[in-house]
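**Q** my questions are about this predicted structure, shown below with the sequence.
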Amino acid sequence: MSTSLTTGAAGQQPELADHPAGQPSAGDDGGGFFVEHPWTIPAGTVAAVIVIFVAMVLLTWAAGGSTPFGG
């Protein structure tokens, strides 16, 4: 749960802001790219795994080793 706190005087507890919990404050735009497009996180993860695997095979081949598919 995210709540905004306002600064109180010295020695006092901070007070909660006037907007309800879970609602964006007046200066908040309501979310960013990943909030508006939640599918990008799993798609990016899958793409990153594929890129790392291909890079591993290419770097092994470039270093003079054999690829796992070449025998």
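**A** Happy to help now that I have it.
**Q** tell me how many other residues crowd the residue nearest to Thr40 when sequence neighbours are not counted.
**A** Nearest non-adjacent residue to Thr40, counting by Cβ to Cβ, 6 or more residues apart in numbering: Phe34, 6.0 Å away. From N, CA and C alone the C-beta is placed, and that goes for glycine too. Phe34: 11 surrounding residues under other Cβ atoms under 10 Å.
**Q** which other helices and strands contact the helix or strand where Leu59 lies?
**A** The secondary structure element spanning Leu59 is helix 40-62 (assigned by DSSP states H and E). Judged by 3 or more Cβ pairs under 8 Å, 6 or more residues apart in numbering; DSSP states H and E, helix 40-62 is in contact with helix 33-36.
**Q** helices or strands next to the helix it packs on in the packing?
**A** helix 40-62.
**Q** send the alpha carbons of the helix it packs on over as CSV?
**A** Provided in CSV are the C-alpha atoms of helix 40-62 (Å, rounded to 0.1, in the frame of the first residue of the first chain):
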residue,chain,number,x,y,z
THR,A,40,6.0,-5.9,-21.8
ILE,A,41,7.6,-7.3,-18.6
PRO,A,42,7.1,-11.0,-19.4
ALA,A,43,7.8,-10.4,-23.1
GLY,A,44,11.0,-8.5,-22.3
THR,A,45,12.1,-11.3,-19.9
VAL,A,46,11.6,-14.0,-22.6
ALA,A,47,13.4,-11.8,-25.2
ALA,A,48,16.3,-11.2,-22.7
VAL,A,49,16.7,-15.0,-22.2
ILE,A,50,16.8,-15.7,-25.9
VAL,A,51,19.3,-12.9,-26.5
ILE,A,52,21.6,-14.1,-23.7
PHE,A,53,21.5,-17.7,-25.0
VAL,A,54,22.3,-16.6,-28.6
ALA,A,55,25.1,-14.4,-27.3
MET,A,56,26.5,-17.3,-25.3
VAL,A,57,26.6,-19.6,-28.4
LEU,A,58,28.1,-16.9,-30.6
LEU,A,59,30.8,-15.9,-28.1
THR,A,60,31.7,-19.6,-27.6
TRP,A,61,31.9,-20.0,-31.4
ALA,A,62,34.0,-16.8,-31.8
